[in-house]
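J.: what would the 3D arrangement of this be:
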Amino acid sequence: MIRILRIVPAVITMVVGWFTLLTYFVPGIAVARYVLVELAIIIAAFALILGWFNLLAVHSTHIVRQHSGWFYSFVLIASNLVLVPLAYIWDALLVGRGQSLAQLGVSGIGMVELYKYILVPIQASLAALLPFLLALAAYRTLRMRRTLGAVVFLLTAILVLLGQVPLFNLTILKDARDLIVRVLAMAGMRGILLGVALGITATALRILIGADRPSSD
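T.: The predicted structure follows:
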């Protein structure tokens, strides 16, 4: 019985996957793909809600048992339990001032304002620290392993940082930075994206033929 229960999710995944793939080649059943996509979105929404409750449970356990880094768990839970109600209170005040209900909600004005004045400054602060982290990482890498790759990494970080700083307003530094960022880094990024696409395709094919059964684990 247990073996059958493990096989059923894999069979459902294979059938739905092959049928969805078939809708791209048979125009007459293309409408069914949109139904399946809508169902997948609903399932993903419930999965997101379950994941949120699981996140709260795990970090609550860290706080109760005083695990290492429990304060960060407290900040995470507090931000989850405070910011969303605060956004709705903000929206309720806006409704009282004649604001339309269509512009409110989770993606409404209150949440956008919280995103603008809380999350964006935090992202800007982290981005400002990134050059220093790169320089420190390059220095530590060169200290641990004096290899050609470490030297190239250090020189690349230095060129990019100097080309970004307005104090060193040199054309050669800006040209070197543009070459690294727009040509070399972009080529590496596209190679990574191609590898990710091939990996996703290979994983999807393994699921469709039943070689992998993630839903049965």
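
J.: CA atoms for contacts and neighbours, from now on please.
T.: OK.

J.: distance check, residue 6 against residue 212.
T.: Residue 6 sits 12 Å away from residue 212, going by CA to CA, to the nearest Å.

J.: mind listing what residue 11 touches?
T.: Counting by CA atoms under 8 Å, 6 or more residues apart in numbering, residue 11 makes contact with residue 210.

J.: that one: which element?
T.: In this structure, residue 11 sits in helix 2-23 according to DSSP states H and E.

J.: ok, now how distant is residue 126 from residue 26?
T.: 48 Å.

J.: and these two? Which one has more around it.
T.: residue 126 (12 against 9; other CA atoms under 10 Å).

J.: elements contacting whichever strand or helix holds residue 125?
T.: Assigned by DSSP H and E, residue 125 belongs to helix 120-144. Packing partners of helix 120-144 (3 or more CA pairs under 8 Å, 6 or more residues apart in numbering; DSSP states H and E): helix 148-164.

J.: between helix 120-144 and the helix it packs on, find me the angle.
T.: Angle, helix 148-164 to helix 120-144, by axes from the mean of the first three to the mean of the last three CA atoms, to 10 degrees: 140 degrees.

J.: between the two ends of stretch 138-152, how far is it?
T.: Taking CA to CA, stretch 138-152 runs 9 Å from one end to the other.

J.: ok, residues contacting that stretch?
T.: The contact list for stretch 138-152 (CA under 8 Å, 6+ apart) reads 153-154, 157.

J.: enumerate the positions of that stretch that are buried.
T.: 138, 141-142, 150-151 (16 or more other CA atoms under 10 Å).
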